[in-house]
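Engineer: fold the following.
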Amino acid sequence: MHCEKVFSSVPATVILLLLLHWSPRVQSQSTGNLFPSSEYVWGTYSPTATTCYSNTVFRRSFSLVPVSQLFSFTPSTAQGTVRYIRVWTDNLWPFVATVTSGGVGTLTPTVTAVQVRSVHGGILYANIQILCS
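Structural biologist: Reported below is the predicted structural model:
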């Protein structure tokens with residue numbers, strides 16, 4: 001009875017926002033950049049492919065607007081073709097990732113560039129791994 005009285009005085013939108021804020025964030029594989037996620041994957045993973053580029057960005061600054069980072073990589077002739085791109089975060093903070101040039105199937109001298117942008121202003125944590133074969 002007491003809970004019903006407390007929740008009846010709180011608007012439903014406030015309850016929904018609180019539930020969404022504290023709900024666990026799920027990892028998802030995506031080929032687009034329309035919705036924030038904690039993981040983006042382009043291409044197909046192959047155990048025979050080798051890591052030809054990897055990097056991490058961690059930014060924590062006072063900013064009310066989202067921060068971004070551009071990763072760029074040009075495969076060498078020895079590395080071959082870009083086969084797989086994975087961008088993810090270990091802490092599950094959502095972000096947006098976009099392949100701005102190149103991508104899966106890129107050969108030298110074409111640059112593969114991936115832009116990562118935070119959803120929450122000032123906090124950006126992301127890992128990137130590119131596999132070639």
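Engineer: which other helices and strands contact whatever helix or strand L70 lives in?
Structural biologist: Counting by DSSP states H and E, the element that carries L70 is strand 68-73. Applying 3 or more Cβ pairs under 8 Å, 6 or more residues apart in numbering; DSSP states H and E, we find strand 68-73 packed against strand 50-60, strand 112-118, strand 123-132. From N, CA and C alone the C-beta is placed, and that goes for glycine too.
Engineer: quick one: mean pLDDT for the first one?
Structural biologist: The reference is to strand 50-60. Summarised as a single mean, pLDDT over strand 50-60 is 95.
Engineer: that one to strand 123-132, inter-axis angle?
Structural biologist: Calculated by axes from the mean of the first three to the mean of the last three Cα atoms, to 10 degrees, strand 50-60 forms an angle of 170 degrees with strand 123-132.
Engineer: and the next helix or strand past the strand holding L70?
Structural biologist: From strand 68-73 onward toward the C-terminus, using DSSP H and E, the following helix or strand is strand 82-88.
Engineer: ok now that following strand, how far from the chain's centre?
Structural biologist: 11 Å (Cα atoms, centre = their mean, to the nearest Å).
Engineer: next secondary structure after that strand?
Structural biologist: As assigned by DSSP H and E, the chain's next helix or strand after strand 82-88 is strand 95-101.
Engineer: can you put the helices and strands packed on strand 68-73 in TSV and add mean neighbour count?
Structural biologist: Formatted as TSV, these follow (neighbours: other Cβ atoms under 10 Å):
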stretch	mean neighbour count
strand 50-60	15
strand 112-118	21
strand 123-132	21
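Engineer: would you mind giving the ones you listed as CSV with distance to T74 added?
Structural biologist: Converted to CSV, these look like this (distance: least, Cβ to Cβ, whole Å):
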stretch, distance to T74
strand 50-60, 9
strand 112-118, 7
strand 123-132, 11
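Engineer: quick one: which of those is nearest S72?
Structural biologist: Smallest distance to S72 across the helices and strands packed on strand 68-73 (Cβ to Cβ): 4.4 Å, for strand 112-118.
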